[in-house]
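Participant: Structure for this input, please:
(one chain, ligands or ions: 2)
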Amino acid sequence: MSSVPQPPPPAVKPFNPPLTKDEQPADIDIPDNYVAYTLKKEKALPPIGWHNWYQELNYLSFAILTVTPTIAAIGAYTTKLRWETAVFAVFYYFVTGLGITAGYHRFWAHRSYNASKPLQYFLAVAGAGAVEGSIKWWSRGHRAHHRYTDTELDPYNAHKGLFWSHVGWMLVKPRRKPGVADVSDLSKSEVVRWQHRWYIWLILGMGFGLPTILPGLLWGDWRGGYVYAGALRLCFVHHSTFCVNSLAHWLGESPFDDKHTPRDHVITAIVTIGEGYHNFHHQFPMDYRNAIKWYQYDPTKWFIWVAAQLGLASHLKVFPENEVKKGQLTMQLKRLRETQENLTWPQETDLPVISWQSFQDQAQKRPLILVAGFIHDVASFIDDHPGGRHLLVKHIGKDASTAFFGGVYDHSNAAHNLLSMMRVGVLHGGAPHGLEDKAIPPSQRLRVARYSELSSPYSSTAQSDGEGMLG
Ligand SMILES: [Zn+2]
Ligand SMILES: [Zn+2]
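Facilitator: Ligands and ions are numbered 1, 2, ... in the order given. Predicted coordinates:
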């Protein structure tokens, strides 16, 4: 019997075609201890000093960041400012600034909303007018900044000082490669690729061409357009957006989390077109807002919202309010806890338990008064008692609970708090029924407790000692 040769089975096509290099997420194969591993394995470039700074300079950025302000300064000194040009320069500052904040930052780096193609092209072109690198380069650095905030893998690590996080990091060659961050989604974007391809022409056209030509054609101010709407406006856009990395990690409050350097401040918001609520932003980076209150200054958020009303943007992401409030509460409790820890509290444990007879005997020698089961030595207070010395003297060696809690005068919270500081003992047999609540001074009715302090008084140590619950 001869076997009939079988045709080879058809090659099974993979369901998903393999990803090309550009489509492969950059961080797909990184080790779990990536940060420690990279810091150990990859050596940083040497620190910059007088002997090597000229070799370490990033000449392109250095030139852009020094020549532009020079042109602006000389130009402004020698060129009359026309009001039409002034208004246009401010307007163009917002257009190109929004290209960075609403485009590069909130749309491409964070994907905090969906933008229609026309809006994407507008943002890509406007953002190019800010001359801060292409969308892909910018977003890659920014995603690393969020993932490795305040570490050596954060390209603008705020721990290296205000100057470094503002411009220092661009003026010299990066001391380390920024930590890995995936931008494969951006590699697939037609708009991002288009901007990358035409980037040089776009920065020349949007950075200097358009702001010169428009005032030139419309009201004949070519030179003013070049100086004020071109160079000077560019300096402002540069340092405005750089403040997001510097000022926003340095000035203000941390209402949501103080683990890292990002801060919230209205001044930062004003100079950055609304990117100043940076503590919120680092907590909720995919939220299209930076400012969550209506009265806080966030024109970038307003711009995105208006774009959504016009049908140009959609799916504006908002973090659940409940979780935002948890962040705020955590920080509020933390501050309350600090206040609580800086106060002196009445002794609660280790007070001697004293019999009625012993209380009587000792009250012969010192002014002891019983209130709510606690014995208090009122010697330090007896002459300061607002109701007069005689009322205290009258209760020495007696239970003054009824008189204290309203029988004679319903004492203030302050009085109750102060009284509890004079505790010297506990009466054997405790307080009479109905006074349990009164034993707690008002300042201790609510307390900020750590989770480890909330365990039962019959804690695990008692059980592990084999004493059990009744031990
Ligand atoms: Zn930041
Ligand atoms: Zn961000």
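
Participant: surely residue 375 meets residue 427?
Facilitator: Yes. Applying C-beta atoms under 8 Å, one finds residue 375 in contact with residue 427, separated by 6.1 Å. C-beta: built from backbone N, CA, C; applies to glycine.

Participant: So if I had to pick from the two, which one is more boxed in?
Facilitator: Summary of the neighbour comparison: residue 375 and residue 427, criterion other C-beta atoms under 10 Å, with residue 375 having more neighbours (24 against 19).

Participant: which element is that one on?
Facilitator: Using DSSP states H and E, residue 375 sits within strand 374-377.

Participant: That strand: how far from the chain's middle?
Facilitator: 48 Å (C-alpha atoms, centre = their mean, to the nearest Å).

Participant: what are the pairing partners of that strand, and which direction each?
Facilitator: strand 368-371 (antiparallel), strand 423-427 (antiparallel) (DSSP bridges).

Participant: Just name the most buried of the ones you listed.
Facilitator: strand 368-371 (a mean of 25; mean count of other C-beta atoms under 10 Å).

Participant: With just CA atoms, put it into PDB.
Facilitator: Output in PDB follows, covering the C-alpha atoms of strand 368-371 (Å, rounded to 0.1, in the frame of the first residue of the first chain):
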ATOM      1  CA  LEU A 368      -9.000  67.500  93.500                       C
ATOM      2  CA  ILE A 369     -12.300  67.600  91.700                       C
ATOM      3  CA  LEU A 370     -14.100  64.700  90.100                       C
ATOM      4  CA  VAL A 371     -15.800  65.400  86.700                       C
END
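
Participant: Select, out of the strands paired with strand 374-377, the one closest to residue 297.
Facilitator: Proximity to residue 297 (C-beta to C-beta) singles out strand 423-427 among the strands paired with strand 374-377, at 52.0 Å.

Participant: State the mean pLDDT of the closest one.
Facilitator: Strand 423-427 carries an average pLDDT of 92.

Participant: chain center to it: distance?
Facilitator: 47 Å.

Participant: sorry, back to before: indicate which one of the strands paired with strand 374-377 is closest to residue 261.
Facilitator: Nearest of those (C-beta to C-beta): strand 423-427, 44.3 Å.

Participant: do you know how far the most centrally placed residue in the chain is from residue 290?
Facilitator: With distances taken as C-alpha atoms, centre = their mean, residue 279 lies nearest the centre of the chain, 1.9 Å away. Note on residue 279: its distance to residue 290, by C-beta to C-beta, to the nearest Å, is 10 Å.

Participant: can you give me the strands in the chain?
Facilitator: Ranges of strands in the chain, per DSSP state E, are 114-115, 313-314, 353-354, 368-371, 374-377, 423-427.

Participant: got TSV for the strands paired with strand 374-377, with distance to residue 213 too?
Facilitator: Formatted as TSV, the strands paired with strand 374-377 follow (distance: least, C-beta to C-beta, whole Å):
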stretch	distance to residue 213
strand 368-371	85
strand 423-427	82
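
Participant: out of those, nearest to residue 134?
Facilitator: strand 423-427 (70.0 Å).

Participant: just the helices in the stretch 151-300 of the chain please.
Facilitator: 162-163, 169-171, 184-187, 190-197, 199-202, 210-219, 222-224, 233-242, 266-271, 278-283, 299-309 (DSSP state H, counting those that start in this stretch).

Participant: quick one, what contacts residue 115?
Facilitator: The contact partners of residue 115, taken as C-beta atoms under 8 Å, 6 or more residues apart in numbering, are 107, 123, 307, 312-313.

Participant: Show me the two of those residues that sit farthest apart.
Facilitator: Using C-beta to C-beta, these span at most 11.4 Å, a distance reached by 107 and 312.

Participant: More neighbours: which of those two?
Facilitator: Taking neighbours as other C-beta under 10 Å, residue 107 and residue 312 compare with residue 107 leading, 26 against 17.

Participant: Chain neighbours aside, what residue packs nearest to that one?
Facilitator: residue 115 (5.4 Å; C-beta to C-beta, 6 or more residues apart in numbering).

Participant: Mind listing the residues bridging to that neighbour?
Facilitator: With DSSP bridges as the rule, residue 115 is bridged to residue 313.

Participant: quick one: pLDDT of it?
Facilitator: In this model, residue 115 is scored at 98, pLDDT.

Participant: could you measure it against residue 312, distance?
Facilitator: For residue 115, the distance to residue 312 - C-beta to C-beta - is 7 Å.

Participant: With residue 104 instead?
Facilitator: Residue 104 is 17 Å from residue 312, where distance means C-beta to C-beta.

Participant: list the contacts for residue 302?
Facilitator: residue 274 are the contacts of residue 302 under C-beta under 8 Å, 6+ apart.

Participant: whoops, residue 252 was the one
Facilitator: 263-265, 267-268, 276, 278-279.

Participant: ChimeraX command for the buried members of these?
Facilitator: To isolate the buried ones among the contacts of residue 252 in ChimeraX, judged by 16 or more other C-beta atoms under 10 Å, type:
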select :263,264,265,268,276,278,279
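
Participant: could I get the contacts of residue 252 as CSV with distance to residue 160 and pLDDT?
Facilitator: Below are the contacts of residue 252 laid out as CSV (distance: C-beta to C-beta, whole Å; pLDDT from 0 to 100):
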residue, distance to residue 160, pLDDT
263, 17, 96
264, 22, 96
265, 20, 96
267, 22, 96
268, 19, 96
276, 21, 96
278, 17, 97
279, 20, 97
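
Participant: for the contacts of residue 252, which one is nearest residue 188?
Facilitator: Distances from residue 188 to the contacts of residue 252, taken by C-beta to C-beta, are shortest for residue 278, at 28.9 Å.

Participant: pretty sure the closest one contacts residue 246?
Facilitator: No. Using C-beta under 8 Å, residue 278 is not in contact with residue 246; the gap is 10.6 Å.

Participant: Sketch out the low-pLDDT regions of the stretch 101-250 of the chain for me.
Facilitator: For the stretch 101-250 of the chain, no stretch is flagged by pLDDT under 70.

Participant: Distance-wise, check residue 352 relative to residue 408.
Facilitator: Residue 352 is 28 Å from residue 408, by C-beta to C-beta.
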